[in-house]
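[1] A structural model of the following input is requested.
(2 chains)
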Amino acid sequence: MAKLPILGLFNDANAAADAGDGLRSAGVSDNDFDFLTDAPYPEGAFGEREEKHKLYVYPFIGALLGLTSALLLTTMTQVAYPMVTGGKPIISLPPMAVISYEGTMLGAILFTVLGIIFESRLPNLKKGLYDTRITEGYIGVLVNAEQTQHDRVANVLNQAGAVDVKREN
Amino acid sequence: MQEGRPLSPTEINRDLLRSILDTPRWFWPVVGFLGMIVLAAAITIGVMIDRGLGITGLNRPVVWGFFITNFVFWIGISHAGVMLSAILRLAKAEWRRPATRAAEVLTIFSLITALSMPVIHTGRPWRALYWFFPYDFARGIWPNIRTPLVWDPSAIFTYLTSSTLFVLIALIPDFAVLRDHTTGMAHRIYSLLAMGWEGNPRQWKMQILSGVLLSALILPVFVSVHSIVSWDFGMAVAAKTWHSTIFAPYFVVGAVHSGVSAVAFVLIILRYIYGWQEYIRHEHIDALGRLLIVVATGWFYFFVMEVIFGIYGREADEIAVRELQFFIWPISGWTLVFVITTYFIPVALWLNRAARRNLWIMSLACISVNIGMWLERYIIIVPGLTNRGVFTFTWNNYVPQFPEMIIIGATFAFVSMLLLLFSRVFPLVPLYDIKEGEFLRTEVKIGRRVVPATFRED
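    Down below sits the predicted model:
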């Protein structure tokens, strides 16, 4: 049976954390519930699962691609129209270094931004269960559970002190 | 930072979104007035393109005047963003919270303004493409990558792109707040921009990491940008007072000095016009003042070194320019004004705690710094060209004309207008940053005293 979302709203971080503990005790997997907040709480504040990511790989790939592009651009353009300036060599590292450096940094930053968006699982096109009170400071506990389990989950959320429990229509 | 009362998320949303959700009555008249100034400059630029650069004061040997001075000035202002946002974020300085976005946005608009200056200065702006765009438009001739004039666009483009992406990534959670507080077309636009942001722990973790990672990546770019702009002068062999190795760090520190002063001034204005007394507090301006003492003193050291390096060799052409800068009226008068307004007046004020916490005095000090820093660039560029040649018969004066003054004045109006327009659609103080600061603050009882404390996550 497909899992459907159910959202509990809490106005206190302790109550939300208690809800998380209650859900685990009720046999709900860590991967089946999430905490939605309007500000970054300290990691582990709700006892949530550790989020693994590969964000640090993106700047390295970007930097490598940026450096390669910049080196190719500077080398090929100088060789294409070789103009001797002040008796200096056609392919000269000092002036190439500046543009290569900028290309490296631009590549690293562009790929980091792509990585951030991708690792955040954005854009999230599915319109999931949500409540605008979350951006007013409420903490949402979003649970994906089979419909037969919804009453049990709602009970756990209410016992932890949920201000409201919403289900998808 | 611990002054100010605790604020609820509802209050924070209401106060910081006020500029977007309720338009003050003065807003459109002020934007309209600034727009008229920008329009006047646009017309002047059109006249200049039609009649030629001869309507300005530019001529041999002073081929760089107000436009290039203004270019370097706005590049300098743009350095505030990274200084306050990236460096203070990496240092986990709590007092950065209300200042970061205004600083980053000022960076972006300053860079756009700065980029427009050399383009206007070419007199035939469409030809600028041939010089910096990486394509052989004719006869297989590519841009010459061995000149600082090509390094400049690559550095400034990198910095502009990085800063813009930095701001956009940090704005995503705030787009979500706006999505939840608007209806109709505004709601749809903010929903698109928020990209489905929910605020789950993974997304917040990526936000925090992005702040740290992008800060660390932008910092080297920040150092390189003004170093490369300084090499427009430092790599020029012909102008003796320009050809100095001190220019890169000198310009970077000067940029931080003028940029942070500009941000302090902008924050004071925003506090006043939007009623953000709870968010931009005296302690933030006090902290900026203390930072500026260090930066100003570092700048002053480099300024003195630049002069000492120049006169140490006792070369006649170098001494001639220094004589013009320090002893010949009216340049000597401007030099005196520049040194006093950039260092002695502001630092004397900033050394006093009461003065740092007085917003009028801080505003005057910050304006004084920027007047001085604009003059500093003028005094480096123009005298260096006025007495550039070895033969005195090649020397000539520069008298700025009205078109240049209109265009320079309009750049200030342009940046102010863009900042106001930005504040109309996006929050200039990051909401989640302030909210995070609220729940990380606490009090600790030590002996008989209860002292404010902040939790810092490593």
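
[2] roughly how far apart are the spatially most central residue of chain A and residue B:201?
    By C-alpha atoms, centre = their mean, chain A has its centre lying nearest to residue A:120, at 2.0 Å. Separation of residue A:120 from residue B:201 (C-beta to C-beta, to the nearest Å): 11 Å. Bear in mind the C-beta positions are built from the backbone N, C-alpha and C, glycine included.

[3] So what's the gap between the host helix or strand of residue A:118 and the chain middle?
    Assigned by DSSP states H and E, residue A:118 belongs to helix A:93-119. Centroid separation between helix A:93-119 and its chain, computed with C-alpha atoms, centre = their mean, to the nearest Å, is 21 Å.

[4] Same check on stretch B:257-272?
    Centroid displacement of stretch B:257-272 relative to its chain, using C-alpha atoms, centre = their mean, is 10 Å.

[5] what mean pLDDT does it have?
    Throughout stretch B:257-272, pLDDT has a mean value of 94.

[6] buried sites along it?
    Residues B:257-271 are the ones in stretch B:257-272 that count as buried (16 or more other C-beta atoms under 10 Å in any protein chain shown).

[7] Tell me the buried residues in stretch B:431-448?
    Residues B:431-441 are the ones in stretch B:431-448 that count as buried (16+ other C-beta under 10 Å).

[8] before we move on, the earlier item: now the helix holding residue A:118: average pLDDT?
    Mean pLDDT, helix A:93-119: 94.

[9] Can you list the low-confidence ranges for chain A?
    Applying pLDDT under 70 to chain A picks out residues A:1, A:169.

[10] again, only this time at 90
    Within chain A, the stretches with pLDDT under 90 are A:1-4, A:12, A:27-31, A:42-52, A:76-95, A:124-129, A:145-150, A:167-169.

[11] Got the domain ranges for it?
    As given by automatic domain parsing, the domain ranges for chain A are A:3-33+A:143-167, A:57-119.

[12] is the last one anywhere near chain B?
    Spelled out, that is domain A:57-119. Yes. For a cut-off given as C-beta under 8 Å from any C-beta of the partner chain, domain A:57-119 has contacts with chain B, namely A:59, A:73-74, A:77-78, A:80-81, A:83, A:85, A:88, A:92, A:95-96, A:98-99, A:101-103, A:105-106, A:108-110, A:112-113, A:116-117, A:119.

[13] Please pick the buried ones from these.
    A:59, A:73-74, A:77-78, A:95-96, A:98-99, A:101-103, A:105-106, A:108-110, A:112-113, A:116-117, A:119.

[14] residue in the stretch 251-400 of chain B nearest to chain A?
    Closest residue of the stretch 251-400 of chain B to chain A, C-beta to the nearest C-beta: residue B:279 (14.6 Å).

[15] Assign that residue to helix, strand or coil.
    coil (DSSP: H, G, I helix; E, B strand; the rest coil).

[16] quick one, what contacts the residue lying closest to it once chain neighbours are set aside?
    Once flanking residues are discounted, residue B:279 sits nearest to residue B:98: 4.8 Å by C-beta to C-beta, 6 or more residues apart in numbering or on different chains. Residue B:98 is in contact with B:267, B:276, B:279-280, B:284, B:429, B:433-434, counting by C-beta atoms under 8 Å, 6 or more residues apart in numbering or on different chains.

[17] what's the answer for residue B:371, then?
    B:337, B:341.

[18] element containing it?
    helix B:359-386.

[19] What are the buried residues along that helix?
    B:359, B:361-366, B:368-370, B:372-386.

[20] Return the distance of residue B:21 relative to chain A.
    From residue B:21 across to chain A, the span is 13 Å (C-beta to the nearest C-beta, to the nearest Å).

[21] I misspoke; the intended subject was residue B:412.
    In this view, residue B:412 and chain A are 28 Å apart by C-beta to the nearest C-beta.

[22] Skip ahead from the helix or strand encompassing that residue and say which helix or strand is next.
    Element membership for residue B:412, per DSSP H and E: helix B:402-425. Downstream of helix B:402-425, the first helix or strand assigned by DSSP H and E is helix B:431-440.

[23] what about dumping the CA coordinates of that next one to CSV?
    Extracted C-alpha coordinates of helix B:431-440, given in CSV (Å, rounded to 0.1, in the frame of the first residue of the first chain):
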residue,chain,number,x,y,z
LEU,B,431,15.3,36.1,8.2
TYR,B,432,16.6,32.7,9.1
ASP,B,433,19.9,34.1,10.2
ILE,B,434,18.2,36.3,12.7
LYS,B,435,15.9,33.5,13.9
GLU,B,436,18.9,31.2,14.3
GLY,B,437,20.7,33.9,16.4
GLU,B,438,17.6,34.1,18.6
PHE,B,439,17.4,30.5,19.6
LEU,B,440,21.2,30.2,20.0
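
[24] Is chain A within reach of the next helix or strand after that helix?
    Later in the chain than helix B:431-440, the nearest helix or strand by DSSP H and E is strand B:441-446. No. Judged by C-beta under 8 Å from any C-beta, strand B:441-446 stays clear of chain A, getting no closer than 12.4 Å.

[25] quick one: contacts of strand B:441-446?
    B:2, B:6, B:450-455.

[26] What of stretch A:81-88?
    A:90, B:136, B:139-142, B:144, B:146.

[27] Any of those residues buried? List them.
    Among the contacts of stretch A:81-88, those classed as buried by 16+ other C-beta under 10 Å are B:142, B:144, B:146.

[28] So which of these reach chain A?
    B:142, B:144, B:146.

[29] residue contacts, residue 106?
    All of this refers to chain A. Residue A:106 neighbours (C-beta under 8 Å, 6+ apart): A:66, B:157-158, B:161-162.

[30] switch to chain B, that's the one I care about
    Applying C-beta under 8 Å, 6+ apart, the residues contacting residue B:106 are B:77-78, B:80-81, B:259, B:262-263, B:266, B:415, B:419.

[31] so which of these also contact chain A?
    Okay, of those, nothing touches chain A (C-beta under 8 Å from any C-beta).

[32] Nearest residue to the residue of the stretch 351-458 of chain B found nearest chain A in space, ignoring adjacent ones along the chain?
    The nearest approach of the stretch 351-458 of chain B to chain A comes at residue B:435, 3.7 Å away (C-beta to the nearest C-beta). Nearest non-adjacent residue to residue B:435, counting by C-beta to C-beta, 6+ apart: residue A:39, 3.7 Å away.

[33] what about that neighbour, helix or strand, and which?
    Counting by DSSP H and E, there is no helix or strand that carries residue A:39.

[34] What is the burial count for it?
    Counted with other C-beta atoms under 10 Å in any protein chain shown, the neighbours of residue A:39 add up to 23.

[35] Report the contact partners of the residue sitting nearest the centre point of chain B.
    What sits nearest the mean C-alpha location of chain B, by C-alpha atoms, centre = their mean, is residue B:77, with 1.9 Å. When contacts are counted by C-beta under 8 Å, 6+ apart, residue B:77 touches B:106-107, B:110, B:255, B:258-259, B:262, B:370, B:415.
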